[in-house]
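# the sequence and its predicted three-dimensional model are supplied below.
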Amino acid sequence: MIQFNWQNAASFVQQTELDHLQAQISLAHETLHKMKGPGSDFLGWLELPRKYDKDEFARIRKAAARIRRQSDVLVVIGIGGSYLGARAAIEFLTGHFHALSSKKQRKAPLVIFAGQNLSADYLNDLLTFLEDKKVSLNVISKSGTTTEPAVAFRVLKGWLEKKVGREAARERIYVTTDRARGALKGLADSEGYETFVVPDDVGGRYSVLTAVGLLPIAAAGIDIRAMMKGARLGMQALRRPTLADNPSYTYAALRNILLRKGYAIELMVNYEPSMHYLTEWWKQLFGESEGKDNRGLFPAGVDNTTDLHSMGQYVQEGRRILFETVVQIDRSRSELIVPEDPDNLDGLNFLSGTDLHEINRKAAQGTMLAHVDGGVPNLSVLMPDRTPESFGELVVFFEKACAVSGYLNAVNPFDQPGVEAYKQNMFALLGKPGYEDRQAELEARLAVNGTVEK
């Protein structure tokens, strides 16, 4: 099971502060589980590990098996929560160089992502890469009208139909969308694409354990049954409202205490390259959930030990406005022993015979102590291993912490009203019908700033 430790923040937070927050935690827990707080229409994720749609789950596994048989590449088209959870799981649970391996070595197609940006170079490079490959598409969008994935799907759908024909393309396009309505649902029904559901009561950033994440994860050859088992065990372990019995709530409480003390930035730290996109998923989960009403911690991340040689100086001696949440893995998948060097030119023979994972662990421990001494509180999350079970458990650990943390901070942790602001400006500047007045206003502002293209 996942372990949480805050001893490296004990000099910054007193136990009495946690005790005083218990009443607020209990209220947040009750608000969450009785589904009577802000955003209560989006709490389906609480029951997903136990009450997921078994029939759809079986269809997901069958579709994933079909994708593995028929495709060299699965392109997952989505943005935000429609791709980050799946990418986090796949990067975390597959080999570091699986993208460079053959399909025979992977025993699964290469899963790559599109629709998460508006770069012409990215999409053109992708089309070039796909030219000699057998390709399937999984487009993920509740509405089908979100600009980035909608543009990418329009391009990739047209490319696939031209490559294999419209009839054959129908067998290689999988749609994850609304159950009954929306532009993408209408297209899927008219074309006969196999569809999977984005549940009405699960927001995008909480959706990794739905078809949104599970289809691409399963297509990559990962055991989604084990992942759901881990999530189910994790949710069971986090069922109590008392801080002494719920490490997820303890984490939520501590981060809010530190926020109230002036620590405005939470830095998620990992010591495994496979965890980079786990950090990206975590950043969206907390940033989109809490960053509203001029409140919330700013979630950022570093990949150590790599970033100790770039960001380490700032963390050690910069402004004292951040704390760290360090996520580590207890047991590595493999052993690598440092060999003896007779010449010892690098002076590292004292490490001879030591497992590299143990060296990495000591680097993490030494860094945490140095940062604490430098005035940076440290929280610690320890995963037992790099398995689907542990990933599923970690997902629910952070999801519950995020929901309760949002309520502690008096915001709705399940909406994202600020996300629309950039879209309105983009539509206006691109000349979308109905935005003419706004277009003129924005272009006038850009002209003053000297940024309007001539």
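Nice, thanks for sending it over.
# so what are the domain limits for this structure?
3-37+229-408, 45-222 (automatic domain parsing).
# what ranges do the helices span in the stretch 101-250 of the chain?
103-106, 120-130, 147-164, 166-170, 183-191, 211-219, 224-237, 247-260 (DSSP state H, counting those that start in this stretch).
# got the contact list for L187?
L187 is in contact with G144, V175, Y193, counting by Cβ atoms under 8 Å, 6 or more residues apart in numbering. Every C-beta, even on glycine, is put in place using the N, C-alpha and C of the backbone.
# strands - which of the residues you listed land there?
Judged by DSSP state E, the subset of the contacts of L187 located in strands is V175.
# which among the contacts of L187 gets closest to H20?
G144 (47.7 Å; Cβ to Cβ).
# next up, the contacts around that closest one.
A150, T177, G182, A183, L184, K185, G186, L187.
# ok, it to E171 distance?
20 Å (Cβ to Cβ, to the nearest Å).
# cool, and S380?
Taking Cβ to Cβ, one finds S380 at 48 Å from E171.
# S119 now?
S119 is 29 Å from E171, by Cβ to Cβ.
# who has more neighbours out of those two?
Counted by other Cβ atoms under 10 Å, S119 and E171 do not tie: E171 has more neighbours, with 14 against 11.
# residues touching that one, list them.
Q70 are the contacts of E171 under Cβ under 8 Å, 6+ apart.
# can we see that at 6 Å?
Contacts for E171 (Cβ atoms under 6 Å, 6 or more residues apart in numbering) come out as none.
# burial measure for Q105, as a count.
Q105: 11 neighbours (other Cβ under 10 Å).
# the longest helix in the chain is where?
Scanning the chain for the longest helix, with DSSP state H as the assignment, gives helix 388-408.
# contacts for it, please.
Contacts of helix 388-408 (Cβ under 6 Å, 6+ apart): 2, 24, 28, 31-32, 89, 92, 206, 208, 222-223, 226-227, 229-231, 234-235, 238, 248-249, 251-252, 256, 285-286, 289-290, 383-384, 413.
# next helix or strand past it?
helix 420-429 (DSSP states H and E).
# now the next helix-or-strand element following that next one: mean pLDDT?
Sequence order places helix 436-449 as the next helix or strand after helix 420-429, per DSSP H and E. Average pLDDT, helix 436-449: 87.
# what about G221, distance to S26?
42 Å.
# S334 now?
Counting by Cβ to Cβ - S334 and S26 are separated by 44 Å.
# ditto for V212
32 Å.
# the two: which has the busier surroundings?
Neighbour tally, V212 and S26, criterion other Cβ under 10 Å: the higher count belongs to V212, 30 against 14.
# tell me the contacts of that one?
S82, I140, T176, V198.
# what about 7 Å?
Contacts for V212 (Cβ atoms under 7 Å, 6 or more residues apart in numbering) come out as S82, G85, I140, T176, V198.
# off-centre distance for the host helix or strand of the second one?
If I follow you right, that is G85. Here G85 sits within helix 84-93, counting by DSSP H and E. Distance of helix 84-93 from the chain centroid (Cα atoms, centre = their mean, to the nearest Å) equals 7 Å.
# let's test this: mean pLDDT of it, rounded?
98.
# same question, stretch 159-171
pLDDT averaged over stretch 159-171 gives 97.
# any idea how far that stretch is from the chain center?
31 Å.
# burial count for the closest residue to L297 other than its chain neighbours?
Of all residues not flanking L297 in the chain, E266 sits nearest, at 4.6 Å (Cβ to Cβ, 6 or more residues apart in numbering). When neighbours are counted by other Cβ under 10 Å, E266 registers 25.
# if I look at E266, how far off is R181?
37 Å.
# now swap in Q316 and tell me
Taking Cβ to Cβ, one finds Q316 at 53 Å from R181.
# ok, these two, which is more surrounded?
Q316 (15 against 12).
# so that one makes contact with V372?
No - Q316 is beyond contact range of V372, at 10.6 Å (criterion: Cβ atoms under 7 Å).
# quick one: low-confidence parts of the chain?
450-454 (pLDDT under 70).
# taking the centroid of it, which residue is nearest it?
W281 (1.7 Å; Cα atoms, centre = their mean).
# list the contacts for that one?
Going by Cβ under 7 Å, 6+ apart, the list of residues near W281 reads L84, G85, A88.
# ramachandran angles for it?
phi -60, psi -50 (degrees, to the nearest 10).
# where's F298 relative to G262, distance?
From F298 to G262 the distance is 13 Å (Cβ to Cβ).
# more neighbours: which of those two?
Remark: of F298 and G262, F298 carries more neighbours, 15 against 8, as counted by other Cβ under 10 Å.
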